[in-house]
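Peer 1: Any chance you can model this:
(one chain, ligands or ions: 1)
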Amino acid sequence: MYQCQCQIIPDDVLKRWACDPALSEDLCKNADYSAKLSKHFRSIRLENKRLAGFLLENHALTTLTENPEVTLFDCRQTQSLPGTQIKDPFNDEDPTVSRTYTETDHLATFLRKVFKRNSIDNAGMTLMSSVHYGKKYNNAMWNGLQMIYGDGDGELFVDFTLGTDVIGHELAHGLTQYTLQLDYDEEPGGLNESISDCFGSMFRQWRLNQDATTADWLIGHDILGKTSRNRSFTCLRDMADPGGKHCLAPQPVHFSEIKSGMDPHYTSGPPNLAFCTACRQAGGKSWETVGPVWYHVITNAGQRPRMSMSEFATETRQAASELYGKESAVANAVHAGWQKVGL
Ligand SMILES: [Zn+2]
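Peer 2: The predicted structure follows:
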């Protein structure tokens with residue numbers, strides 16, 4: 001079974017850079033190395049997903065308290081995890097450390113205030129992050145247990161903690177692990193990736209207090225380095241225009257374009273566009289309109305590792321009607337979103 005890679009940059013983007021004749025040998029080597037490394041995290045993630053499934057089936061209810069603990073570790077450019085724990089990350093002079101601490105804590109507040117959720121497992125799980133992972137490592141990931149952030153090579157990508165959508169995306173993989181338990185291939189894989197983009201983008205909009213109609217809906221806009229920007233890329237993915245030329249990893253737009261065996265970072269295009277379209281049509285803040293509909297399905301549908309996109313579409317249509325009323329603006333917006341991508 002193809003396991004969750006759960007990193008923000010798809011392998012093929014890194015592999016494409018790795019054999020780009022216009023780049024220096026160092027940049028190519030680094031991109032190649034970053035692509036290869038991700039494979040070695042698969043077995044850890046599978047074990048942690050199994051453990052989460054067991055806990056889900058045997059969980060006592062917990063109460064909503066204050067934010068969970070946020071812990072920060074510094075790998076100091078090595079690859080030994082989790083690294084050295086930082087005693088007072090909020091006041092640390094390293095901006096990567098203080099920023100990661102602050103944004104992770106904001107994410108816990110976002111889950112608690114907006115969705116009444118107590119950390120990603122809804123049981124107060126400590127949110128653990130390691131920064132400065134590896135040398136010029138071009139990725140960020142959720143390994144089933146914690147967040148891991150690379151510094152980027154400074155050319156193709158910069159410090160991965162600079163993207164609040166990146167932080168939100170990765171921690172949302174944890175949310176999926178403790179709810180639907182979606183697999184990471186075919187349609188469930190695309191849904192898995194899309195849920196992370198939806199929550200990553202919502203978190204970025206919430207931090208900027210943006211309306212769905214004025215938000216840019218870009219994923220990875222804040223982590224692109226100058227070499228990427230000089231080639232007119234402005235993002236990794238665009239939820240409003242998944243196939244756009246300004247995307248480093250352009251995606252299918254319509255459900256009919258999804259083919260078996262595609263990387264989930266690509267098949268997430270249609271559900272991303274459905275969510276973005278629904279939020280824009282509903283107007284206002286995404287986390288107050290369509291966001292709660294997605295959250296309702298994710299947290300009420302049970303463990304559904306093989307959930308298809310059309311099943312998810314049906315459940316969100318039903319949830320929108322239940323939460324807002326059959327002919328409500330949100331229910332109509334959710335319907336219009338899925339209709340646009342052929343679901
Ligand atoms: Zn992901």
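
Peer 1: so where's the chain uncertain?
Peer 2: For the chain, applying pLDDT under 70 flags the ranges 1-5, 38-43, 59-63.

Peer 1: can you list the domains in it?
Peer 2: 11-177, 186-340 (automatic domain parsing).

Peer 1: got CSV for those domains, with mean neighbour count too?
Peer 2: In this view, the C-beta of every residue, glycine as well, is placed from N, C-alpha and C. Shown next, in CSV, are the domains of the chain (neighbours: other C-beta atoms under 10 Å):
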stretch, mean neighbour count
domain 11-177, 19
domain 186-340, 21
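
Peer 1: Is Asp12 in a helix, a strand, or coil?
Peer 2: helix (DSSP: H, G, I helix; E, B strand; the rest coil).

Peer 1: Please name the nearest non-neighbouring residue to it.
Peer 2: Asp263 (6.6 Å; C-beta to C-beta, 6 or more residues apart in numbering).

Peer 1: and if you look at Lys340?
Peer 2: Spatial nearest neighbour of Lys340, excluding adjacent residues (C-beta to C-beta, 6+ apart): Thr277 at 5.1 Å.

Peer 1: Show me how far the helix or strand harbouring that neighbour is from its chain's centre.
Peer 2: Using DSSP states H and E, Thr277 sits in helix 269-282. The chain centroid and the centroid of helix 269-282 are separated by 16 Å, computed with C-alpha atoms, centre = their mean, to the nearest Å.

Peer 1: Dump it to CSV, restricted to CA.
Peer 2: Output in CSV follows, covering the C-alpha atoms of helix 269-282 (Å, rounded to 0.1, in the frame of the first residue of the first chain):
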residue,chain,number,x,y,z
GLY,A,269,-6.9,19.9,-7.5
PRO,A,270,-10.7,19.3,-8.1
PRO,A,271,-11.7,19.1,-4.4
ASN,A,272,-9.6,22.2,-3.8
LEU,A,273,-11.4,24.1,-6.5
ALA,A,274,-14.8,22.9,-5.2
PHE,A,275,-14.0,24.1,-1.7
CYS,A,276,-12.6,27.5,-2.9
THR,A,277,-15.6,28.0,-5.3
ALA,A,278,-18.1,27.2,-2.5
CYS,A,279,-16.3,29.6,0.0
ARG,A,280,-16.3,32.4,-2.6
GLN,A,281,-19.9,32.0,-3.5
ALA,A,282,-20.9,31.8,0.2
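
Peer 1: which other helices and strands contact it?
Peer 2: helix 186-208, helix 309-324, helix 329-340 (3 or more C-beta pairs under 8 Å, 6 or more residues apart in numbering; DSSP states H and E).

Peer 1: Just send those helices back as CSV, with distance to Phe90 too.
Peer 2: Below are those laid out as CSV (distance: least, C-beta to C-beta, whole Å):
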stretch, distance to Phe90
helix 186-208, 17
helix 309-324, 36
helix 329-340, 37
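
Peer 1: Tyr137: which of those helices is closest?
Peer 2: When the helices and strands packed on helix 269-282 are compared by C-beta to C-beta, helix 186-208 sits nearest Tyr137, at 19.4 Å.

Peer 1: Toward the C-terminus, what is the element adjacent to that closest one?
Peer 2: As the chain continues past helix 186-208, the following element, by DSSP H and E, is strand 218-219.

Peer 1: contacting residues around that next one?
Peer 2: Asp165, His169, Asp197, Gly200, Ser201, Thr234, Cys235, Leu236, Arg237, Asp238, Met239 (C-beta atoms under 8 Å, 6 or more residues apart in numbering).

Peer 1: what does stretch 158-169 give?
Peer 2: With C-beta under 8 Å, 6+ apart, stretch 158-169 has contacts from 8, 96, 99-100, 103-104, 106-107, 110, 131, 139-140, 147, 149-152, 196-197, 199-204, 207, 218-225.

Peer 1: which SSE is the closest residue to Asn67 other than its chain neighbours in?
Peer 2: Of all residues not flanking Asn67 in the chain, Ala108 sits nearest, at 4.3 Å (C-beta to C-beta, 6+ apart). Using DSSP H and E, Ala108 falls within helix 95-115.

Peer 1: list the helices and strands that helix packs on?
Peer 2: By 3+ C-beta pairs under 8 Å, 6+ apart, helix 95-115 packs against strand 70-74, strand 127-131, strand 147-149, helix 164-177, helix 186-208, helix 291-300.

Peer 1: what's it in contact with?
Peer 2: So helix 95-115 is contacted by 64, 67-68, 70, 72, 74, 86, 89-92, 117-120, 127, 129, 131-132, 147, 149, 151, 159, 161-162, 164, 167-168, 171, 175, 203, 206-207, 287-288, 291-292, 295 (C-beta under 8 Å, 6+ apart).

Peer 1: One more: stretch 220-227?
Peer 2: Against stretch 220-227 from outside (C-beta under 8 Å, 6+ apart): 8-9, 23, 27, 152-160, 162-166, 233-237, 248.

Peer 1: Any chance of JSON lines for the helices and strands packed on helix 95-115, columns distance to Arg16?
Peer 2: Output for the helices and strands packed on helix 95-115, formatted as JSON lines (distance: least, C-beta to C-beta, whole Å):
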{"stretch": "strand 70-74", "distance to Arg16": "31"}
{"stretch": "strand 127-131", "distance to Arg16": "26"}
{"stretch": "strand 147-149", "distance to Arg16": "22"}
{"stretch": "helix 164-177", "distance to Arg16": "20"}
{"stretch": "helix 186-208", "distance to Arg16": "19"}
{"stretch": "helix 291-300", "distance to Arg16": "31"}
